[in-house]
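Participant: Model the structure of this input:
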Amino acid sequence: MPLARRLPKFGFHSPHRVEYQVVNVDTLEACVVNGRLPKDAPITPDVLWQAGLINRQGMPVKILGSGELTQKLNVEAHKLSKSAIEKIEKSGGTAKQLMA
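Facilitator: Now for the predicted structure:
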């Protein structure tokens, strides 16, 4: 019998696990400053995919609050961290959570 069948499996792997594509707030600001993302239009997962910030178009997107934000951004994503929402609203923008 092969070794893989003789050894026990460890842990639990949920079949309903949701994997998110992660984008940080400082990355969004750098892309707005460089012109890769629009400054006035809402930043949606489709816009992030066209800019090359996420790899797969169908996967949900999560915005994390790493870094500083000085630009006013309107962000729409499937999930947002608390710190990302605070930083976006502190800079004068809006953060909207999309339904997955």
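Participant: can you map out the strands along this structure?
Facilitator: Secondary structure of the chain (DSSP state E): strands at 21-24, 61-64, 74-77, 79-80, 94-97.
Participant: Looking at the ones you listed, which one is packed in the most?
Facilitator: strand 61-64 (a mean of 22; mean count of other Cβ atoms under 10 Å). Heads up, the C-betas are built off the backbone N, CA and C, glycines and all.
Participant: Can I get the strands of the chain in TSV including distance to Glu86 and mean pLDDT?
Facilitator: As requested, these are exported to TSV (distance: least, Cβ to Cβ, whole Å; pLDDT from 0 to 100):
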stretch	distance to Glu86	mean pLDDT
strand 21-24	14	97
strand 61-64	12	97
strand 74-77	13	96
strand 79-80	10	97
strand 94-97	9	96
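Participant: Low-confidence stretches in this protein?
Facilitator: 100 (pLDDT under 70).
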